[in-house]
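Chemist: Fold the following and give me the result.
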Amino acid sequence: MGKTLTLNIDQTVFEKAEIYAKRTKKTVPQLVEEYLSSISSKNKGDDIQLEPITSQLAGIIDLDESINHKEILADTLTERYI
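Modeler: The predicted structure follows:
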């Protein structure tokens, strides 16, 4: 069962939200619900929903697992700044 939430926000913010909602084919209440869901899931450690472009790009690079990328980054930063 859904809950009713009444918000008082700046008119300009609401108008921009309406424009964004129309562009994404959603309603402003859907945007608010998705936002609240995303910030509450971060606290629980749940998976967050990725944007479509991020989902498309995820996993397209096959990295060699034997390479320690953190060590390479640390070495590169050390060379650059020390």
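Chemist: Please enumerate the helices of this structure.
Modeler: 11-23, 28-44, 52-57, 69-81 (DSSP state H).
Chemist: what angle sits between the longest one and helix 11-23?
Modeler: Spelled out, that is helix 28-44. 90 degrees (axes from the mean of the first three to the mean of the last three C-alpha atoms, to 10 degrees).
Chemist: could I have helix 28-44 exported to CSV, CA atoms only?
Modeler: Output of helix 28-44 as CSV, limited to C-alpha atoms (Å, rounded to 0.1, in the frame of the first residue of the first chain):
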residue,chain,number,x,y,z
VAL,A,28,7.3,13.6,-10.7
PRO,A,29,6.1,11.3,-7.9
GLN,A,30,7.9,8.4,-9.7
LEU,A,31,11.1,10.4,-9.8
VAL,A,32,10.7,11.2,-6.1
GLU,A,33,10.1,7.6,-5.3
GLU,A,34,13.1,6.4,-7.3
TYR,A,35,15.3,9.0,-5.7
LEU,A,36,14.2,8.0,-2.2
SER,A,37,14.6,4.3,-3.0
SER,A,38,18.1,4.9,-4.4
ILE,A,39,19.3,6.8,-1.3
SER,A,40,17.8,4.3,1.1
SER,A,41,19.3,1.3,-0.8
LYS,A,42,22.7,2.8,-0.5
ASN,A,43,22.4,2.7,3.3
LYS,A,44,21.4,-1.0,3.1
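Chemist: Among the helices of the chain, which comes closest to residue 63?
Modeler: helix 69-81 (7.3 Å; C-beta to C-beta). Bear in mind the C-beta positions are built from the backbone N, C-alpha and C, glycine included.
Chemist: Off-centre distance for the closest one?
Modeler: Computed by C-alpha atoms, centre = their mean, to the nearest Å, the separation of helix 69-81 from the middle of its chain amounts to 27 Å.
Chemist: what sits up against it?
Modeler: Residues outside helix 69-81 that contact it (C-beta atoms under 8 Å, 6 or more residues apart in numbering) are residue 63.
Chemist: Please shift the residue numbers so they start at 239 in all later answers.
Modeler: Sure, I'll start numbering at 239, so the last one becomes helix 307-319.
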